[in-house]
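Peer 1: Have a look at this prediction, sequence included:
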Amino acid sequence: MMPTQCPDATGSGLAERLGLVVGTHGRHCWVETDDGQRLLCHPRGKKDAPLVGDRVCWQPSGDGGTIMRTLERRNLFYRQDELRTKSFAANLDLLLVLLAADPVFSESQLNRALVAARAAGIEALVVLNKQDLGPAFDSAWERLAPYRAFGQTVLPLCLNAPGGAAGAPASLDDDGGLEALRQHLEGRATLVLGPSGTGKSTLVNRLVPTAMAATGTVSRALNSGRHTTTSSTWYWLDAQRRSALIDSPGFQEFGLRHLEPPQLAHLMPDLDAHCGQCRFYNCTHLHEPGCAVRAAVGAGINEQRYRLYVDLHRELSVAARY
């Protein structure tokens, strides 16, 4: 059981209570107490705003509360481009990257998400939706073969066939693969990431039937007529509050400017397996003689995966010069 109080770090004698940030909307934060109550809180300062997944110390204030401080994070999942840094959530156990047979997914964006997760020390799970599309799904599944080859877990899903409806692929369970997915989510805080059209909202609503009701409550509390996913939101998957799903806002690009070029190969498992065999310790794996990574391309490293590495390495190298 999570403790109900934080140590008094202010010297004021006022007890601080421990809470979990389950939603953020501008300067507002929804904080959940140990007994499951949620209240609207405001950070005391303007810097280092809390994120979904943060453990915070807060004090009652008016009808809500004031967040006094954020406790140390285990990890942070974020992206960084030329203009800004966008943080998704903190203290994650799993990143679920949701793709679909249609629209066609970008391998570059998939690789960037996996690289970011590995850099943050977060396990990743790739899920491919719309298995009911037949040939389109088969083609997409084949594109993911190099990822399965280096050990990345990839699950099939058919959200279009609830409860074993007509059209559900015979290779999946009656629930379209949801039960197999639930087993990976059990006991974990999971961030769902994916482009528009993959079925992200459908997945959240299938796993959390009360998600729409919770969203409506948030919108009314903030005097908002409608709600769109512009920030991450935490949903419990079970009454015991052991497993959680975090919905995230969509994005067009996934920048990795917070990473240094020499890190990149070590953050791609199929390349990392060969890095220690290169002739030079500081090999960039782009042009050096005796490069074990380049020698393995086509024989252990997929050619498309290597091209993704080259393109991203060049991008990070250019960014590092400015």
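Peer 2: Here it is on my side, so go on.

Peer 1: Longest helix in this structure, by number of residues?
Peer 2: For the chain, the longest helix by residue count, based on DSSP state H, is helix 303-320.

Peer 1: Can you list the neighbours in contact with that helix?
Peer 2: The contact list for helix 303-320 (Cβ atoms under 8 Å, 6 or more residues apart in numbering) reads 82, 107-108, 111-112, 115, 146, 256-257, 259-261, 264-265, 268, 270-271, 284-286, 293-294, 297. In short, each C-beta sits where N, CA and C put it, glycine included.

Peer 1: what is the mean pLDDT for that helix?
Peer 2: Over the span of helix 303-320, the pLDDT mean works out to 94.

Peer 1: Okay, buried residues for it please.
Peer 2: 305, 306, 308, 309, 312, 313, 315, 316, 319 (16 or more other Cβ atoms under 10 Å).

Peer 1: how about the CA coordinates for it, as CSV?
Peer 2: In CSV, the C-alpha atoms belonging to helix 303-320 read as follows (Å, rounded to 0.1, in the frame of the first residue of the first chain):
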residue,chain,number,x,y,z
GLU,A,303,19.3,-3.9,-45.0
GLN,A,304,16.3,-1.6,-44.3
ARG,A,305,17.2,-1.6,-40.6
TYR,A,306,20.7,-0.5,-41.4
ARG,A,307,19.4,2.3,-43.7
LEU,A,308,17.3,3.5,-40.8
TYR,A,309,20.4,3.6,-38.7
VAL,A,310,22.4,5.6,-41.3
ASP,A,311,19.7,8.2,-41.8
LEU,A,312,19.1,8.7,-38.1
HIS,A,313,22.9,8.8,-37.4
ARG,A,314,23.3,11.6,-40.0
GLU,A,315,20.4,13.5,-38.5
LEU,A,316,21.8,13.3,-35.0
SER,A,317,25.3,14.2,-36.3
VAL,A,318,23.9,17.4,-37.9
ALA,A,319,22.0,18.3,-34.8
ALA,A,320,25.1,17.8,-32.6
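
Peer 1: packing partners for the strand or helix carrying residue 95?
Peer 2: Counting by DSSP states H and E, the element that carries residue 95 is strand 94-100. Strand 94-100 makes packing contacts with helix 107-119, strand 123-129, helix 178-185, strand 189-193 when contacts are defined by 3 or more Cβ pairs under 8 Å, 6 or more residues apart in numbering; DSSP states H and E.

Peer 1: Now find how far off-centre the last one is within its chain.
Peer 2: Same thing as strand 189-193. Averaging C-alpha coordinates over strand 189-193 and over its chain gives two centres that are 5 Å apart (Cα atoms, centre = their mean, to the nearest Å).

Peer 1: neighbouring strands for that strand, and are they parallel or not?
Peer 2: For strand 189-193, sheet partners with direction are given as strand 94-100 (parallel), strand 244-247 (parallel), following DSSP bridges.

Peer 1: Next, the angle from it to helix 107-119.
Peer 2: Computed by axes from the mean of the first three to the mean of the last three Cα atoms, to 10 degrees, the angle separating strand 189-193 from helix 107-119 equals 160 degrees.

Peer 1: same for whatever helix or strand comes next after strand 189-193, what does it pack against?
Peer 2: Elements were assigned by DSSP H and E; along the chain past strand 189-193, the next helix or strand is helix 200-207. Helices and strands touching helix 200-207, by 3+ Cβ pairs under 8 Å, 6+ apart, are helix 178-185, strand 189-193, helix 211-221, strand 244-247.
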